[in-house]
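[1] starting from these lines, generate the structure:
(4 chains)
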2 protein chains.
Amino acid sequence: MSQFKVISLESIRVACKNCTLTSLCLPMGLSPEDVERLDEIVKRARPLHRGDYLFREGDRFRALYVVKTGSVKTFAPSSEGGEQVLGFHLPGEIIGLDAIDKDVHACSAKILETSAICEIPFTRLEDLTATTPSLQHQMYRLLSKEIGQDTDMLLLLGKKNAEERLAAFLLSLSQRLHKRGLSPSDFYLSMSRHEIGNYLGLAVETVSRLFTRFQEDGLMCVDRKHIQLLNLPALESLVGGSGQGRRQQQQQT
Amino acid sequence: MSQFKVISLESIRVACKNCTLTSLCLPMGLSPEDVERLDEIVKRARPLHRGDYLFREGDRFRALYVVKTGSVKTFAPSSEGGEQVLGFHLPGEIIGLDAIDKDVHACSAKILETSAICEIPFTRLEDLTATTPSLQHQMYRLLSKEIGQDTDMLLLLGKKNAEERLAAFLLSLSQRLHKRGLSPSDFYLSMSRHEIGNYLGLAVETVSRLFTRFQEDGLMCVDRKHIQLLNLPALESLVGGSGQGRRQQQQQT
DNA sequence: ACGCATTCTTGATCCAGATCAAATGGCAGA
DNA sequence: TCTGCCATTTGATCTGGATCAAGAATGCGT
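    Residues are numbered from 1 along each chain as shown, chains lettered A, B, ... in the order given. Just a heads-up that it's a prediction; the model follows:
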């Protein structure tokens, strides 16, 4: 490759190897050469805005998407008009893995705030993984990780009460933001109370009341969408099974 | 390969290419040659019995398991002693995919009734998929499918009431058994009411009462663990969002 | 066959969180 | 800046399903 090749600043800024998410995203653990090869098939789209769709339920599956900046929610239609929020996706997180099976998207992905998204055409990725064992392994890990996260969510919805659910949600955000070099205790929520409730299987009112209560209890400071977590350990103990000895649905089988 | 090679009856009976599950299991859609290669790494263990563990939470991840006959439940420890049943696995279904990511099992798998299980050492499978594109694709599809199933379950736990959950559970079993050539409307439950309730996020008592009610309504006939579904369409309409116009939590976001 | 333990069923009561209702507060668009 | 629509909060009430409490039915080991 010619050393005189003209490279736009833009392309340098967005290449995987120069991306700050490299340790969280698909390239995680890959050799520089492998990242280079991956880089060649990744498309970087112009920024998308709140309300834009990455894809909709029913769309043909063509590519995986990775959040580069911003945030995205995915949601599936429930029977008769409702919807279930499936997840909120932060930078470095991959969207669309569930569509590989049927080759059709079963959920929709909607941009929550102005975001940059990387697009990875799946067929090309599949070809690449077939010749790059480390990338293949990485794909298996990512798919498996998604399953593990869903499992955590099943446990949350199946066994936890409202308080535990919201605490778990806040801590999850906190931890994920922290991994991305942001403050684990001071952040903005890009989703509405309604979306949080839907995601957690709770009514909006319950979410609102819990925010108020957590604030009264000195666990956090809520100002509109701006959140400050004041007592991480206390939140953690809330999540860990009904905290200070409250009765709890216990099901041994 | 010599045509005089001695092959034990046993090995013939259990080889993937001779297995009746070939169209539901990993080999689905593979060429005969690819199945042959897969066959070489699959280990077939002696039958396991009710209560035996395939693996336990915390075990090192070594292999995927496929139910050949019988049934298996997977479950994860909840905080403080409880557990969440994650799934009931029928012949042809793969267990352990969630452990690829961390290389450790996050859930346990317990045999529900005398079962034959195929074991597929993962490292060898991974090597094989790297040189067998169709098998690699099949793996991606299987992992993706698992995500899709978890998604369905999230919707169930997040949005459906007790009646809808049990109806969905029964229909899921019905459909899966049907695909395996068994009756979709007459079968035995290998799991307890307690396990069903745990899986569906309901108390045992609720499950029991619903069985009684469904029977009273002529939807099914329950005799201990023997189930007969008498009105599949009615069950389907129950699942599809609160059936005959009952109030329902609807959350648009 | 008998006795004990476990699972399942059924009834009564309770409560976390949904639903209903209304006030308040932001923010977007003109 | 004003207007009107949402999003959010807060309060009051209702209810599905959990929890508590017995029985009844099974199954199992001896």
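[2] mind listing what's buried along stretch A:100-108?
    A:100, A:101, A:105, A:106, A:107, A:108 (16 or more other CB atoms under 10 Å in any protein chain shown). From N, CA and C alone the C-beta is placed, and that goes for glycine too.
[3] which one of those residues is nearest to residue A:194?
    The nearest member of those to residue A:194, counting by CB to CB, is residue A:108 at 16.1 Å.
[4] next, format the buried residues of stretch A:100-108 as TSV and append secondary structure, pLDDT and distance to residue A:121.
    Shown next, in TSV, are the buried residues of stretch A:100-108 (DSSP: H, G, I helix; E, B strand; the rest coil; pLDDT from 0 to 100; distance: CB to CB, whole Å):
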residue	secondary structure	pLDDT	distance to residue A:121
A:100	coil	98	13
A:101	coil	97	17
A:105	coil	98	15
A:106	coil	97	19
A:107	coil	97	19
A:108	strand	96	20
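[5] mind putting those residues into TSV with distance to chain B?
    Output for the buried residues of stretch A:100-108, formatted as TSV (distance: CB to the nearest CB, whole Å):
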residue	distance to chain B
A:100	4
A:101	4
A:105	10
A:106	6
A:107	7
A:108	11
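[6] which of those residues sits closest to residue B:93?
    For the buried residues of stretch A:100-108, the nearest to residue B:93 is residue A:101 (14.0 Å; CB to CB).
[7] dump the residue contacts of that closest one.
    Listed by CB atoms under 8 Å, 6 or more residues apart in numbering or on different chains, the contact set of residue A:101 reads B:141, B:142, B:144, B:145, B:147, B:148.
[8] what about residue A:70, which SS state?
    strand (DSSP: H, G, I helix; E, B strand; the rest coil).
[9] kindly report the same for residue A:115.
    Strictly by three-state DSSP, residue A:115 counts as strand.
[10] wait, it sits on residue A:71?
    Yes - counting by CB atoms under 8 Å, residue A:115 does reach residue A:71; the two are 6.4 Å apart.
[11] looking at the buried residues of stretch A:100-108, which is nearest residue B:219?
    residue A:106 (27.8 Å).
[12] next up, the contacts around the closest one.
    Residue A:106 makes contact with A:57, A:76, A:98, A:99, B:148, B:151, according to CB under 8 Å, 6+ apart.
[13] and the one helix or strand residue A:37 maps to, what's buried?
    Using DSSP states H and E, residue A:37 sits within helix A:32-41. By neighbour count on 16+ other CB under 10 Å, the buried set for helix A:32-41 is A:34, A:35, A:38, A:39, A:41.
[14] same question, stretch A:199-213
    Buried residues in stretch A:199-213 (16+ other CB under 10 Å): A:199, A:200, A:201, A:202, A:203, A:204, A:206, A:207, A:208, A:210, A:211.
[15] give me the neighbour count for the spatially closest residue to the fourth one that is not a sequence neighbour.
    In this structure, residue A:202 finds its nearest non-sequential neighbour in residue A:162, 5.4 Å apart by CB to CB, 6 or more residues apart in numbering or on different chains. Summarising burial for residue A:162: neighbours were counted as other CB atoms under 10 Å in any protein chain shown, giving 17.
[16] distance of residue A:162 relative to DNA strand C?
    Relative to DNA strand C, residue A:162 is positioned 4 Å away (CB to the nearest atom of the strand, to the nearest Å).
[17] residue B:52: which of the buried residues of helix A:32-41 is nearest?
    residue A:34 (41.1 Å).
[18] and the closest one, what does it touch?
    Contacts of residue A:34 by CB under 8 Å, 6+ apart are A:27, A:132, A:134, A:135.
[19] rerun that using 10 Å as the cut-off
    By CB atoms under 10 Å, 6 or more residues apart in numbering or on different chains, residue A:34 lies in contact with A:16, A:27, A:128, A:132, A:133, A:134, A:135, A:138.
[20] likewise residue A:63?
    A:41-43, A:54-55, A:95-96, A:99, A:118-125.
[21] closest to residue B:20 among these?
    residue A:99 (29.5 Å).
[22] now do the SS call for residue A:86.
    Per three-state DSSP, residue A:86 ends up strand.
[23] let me know whether it touches residue A:98 as I believe.
    Yes - counting by CB atoms under 10 Å, residue A:86 touches residue A:98, with 8.4 Å between them.
[24] intersection of neighbour lists for the two?
    With CB under 10 Å, 6+ apart, residue A:86 and residue A:98 have common neighbours A:74, A:76, A:106, A:107, A:150, B:147, B:150, B:151.
[25] quick one: mean pLDDT over stretch A:33-52.
    The pLDDT scores in stretch A:33-52 average 89.
[26] quick revisit: next, show the common contact partners of residue A:115 and residue A:71.
    With CB under 10 Å, 6+ apart, residue A:115 and residue A:71 have common neighbours A:50, A:89, A:91, A:190.
[27] so which bits of stretch A:187-203 are buried?
    A:187, A:189-191, A:193-203.
[28] so of these, which ones are in strands?
    In strands, defined here by DSSP state E, the members of the buried residues of stretch A:187-203 are residue A:187.
[29] would you map the strands across chain A?
    Using DSSP E, strands in chain A cover A:43-44, A:53-55, A:63-77, A:83-89, A:94-95, A:108-121, A:186-188, A:220-223, A:226-229.
[30] export those strands to CSV and tack on distance to residue B:177?
    Shown next, in CSV, are the strands of chain A (distance: least, CB to CB, whole Å):
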stretch, distance to residue B:177
strand A:43-44, 44
strand A:53-55, 33
strand A:63-77, 25
strand A:83-89, 27
strand A:94-95, 34
strand A:108-121, 32
strand A:186-188, 47
strand A:220-223, 48
strand A:226-229, 47
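[31] how about the residue positioned nearest the centre of chain A: what's its closest non-neighbour residue?
    The centroid of chain A falls nearest to residue A:89 when counting by CA atoms, centre = their mean (2.4 Å). Leaving aside its chain neighbours, residue A:89 sits nearest to residue A:72 (4.4 Å; criterion: CB to CB, 6+ apart).
[32] and what of residue A:129?
    residue A:136 (4.2 Å).
[33] do the biggest helix by length in chain A and DNA strand C meet?
    Longest helix in chain A, counting residues (DSSP state H): helix A:133-159. No - under the criterion of CB under 7 Å from any atom of the strand, helix A:133-159 makes no contact with DNA strand C; the nearest approach is 10.5 Å.
[34] neighbours of residue A:69, how many?
    16.
[35] list the beta-bridge partners for it.
    residue A:116 (DSSP bridges).
[36] does it touch residue A:44 like I think?
    No - with contact defined as CB under 10 Å, residue A:69 does not count as touching residue A:44 (11.3 Å).
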